[in-house]
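Undergrad: Just the structure for this:
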Amino acid sequence: MFVAEILKTKGNAVYSITADVTVARACQALDAKRVGALVVQNGDAVVGVFSERDVVKAVAADGPNALARPVQDYMTAKVIFTQPRESLSVVMSRMTDRRIRHLPVLDGETLVGVVSIGDLVKRQIEEHAREAESLKTYIAAG
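TA: Numbering: from 1, shown residues only. Below you'll find the model as predicted:
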């Protein structure tokens, strides 16, 4: 199974902000969109990811004053990407090894979606359930 199959199911909506948006506005966007991370872009270029973890990091470092500062001060600037044709097992390993919860998906130079560890786990569970059902049917058929 590949990343592209997850995007077909969940869609390829990408919620993004610019690096100058305040942490407070980014928090409002995270809440309104009901997502755990926003892609930070400069035009079409991905320059970072701002996640719930970055909010915690910001408040821990600067207290309530962090809310008025730009996300560029706290975002994850070294972005790790995935591609539509990568297998879920490879992507899950990358995310687990690097303790990443959200990966932007690039097709060439084009941002085509974002996948979360939750998306991958959900798909794995669905796949295992299908396999178990197939085995039950096979065994019952004798």
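Undergrad: and Leu38, what element?
TA: Using DSSP states H and E, Leu38 falls within strand 37-42.
Undergrad: no no, Ala29
TA: In this assignment (DSSP H and E), Ala29 forms part of helix 23-33.
Undergrad: what packs against that helix?
TA: strand 16-17, strand 37-42, helix 52-62 (3 or more Cβ pairs under 8 Å, 6 or more residues apart in numbering; DSSP states H and E). Every residue, glycine included, has its C-beta placed from N, CA and C.
Undergrad: how distant is it from the center of its chain?
TA: 16 Å (Cα atoms, centre = their mean, to the nearest Å).
Undergrad: go on, stretch 69-77?
TA: Taking mean C-alpha positions (Cα atoms, centre = their mean), stretch 69-77 and its chain are 17 Å apart.
Undergrad: Kindly check the end-to-end length of that stretch for me.
TA: Taking Cα to Cα, to the nearest Å, stretch 69-77 runs 16 Å from one end to the other.
Undergrad: where does the protein dip in pLDDT?
TA: 142 (pLDDT under 70).
Undergrad: Could you measure from Thr76 over to Lys10?
TA: Thr76 is 22 Å from Lys10, where distance means Cβ to Cβ, to the nearest Å.
Undergrad: likewise Thr137?
TA: 28 Å.
Undergrad: again, but for Gly48
TA: Going from Gly48 to Lys10 by Cβ to Cβ gives 22 Å.
Undergrad: Repeat that for Met75.
TA: 23 Å.
Undergrad: repeat for His128
TA: If you go by Cβ to Cβ, the gap between His128 and Lys10 works out to 19 Å.
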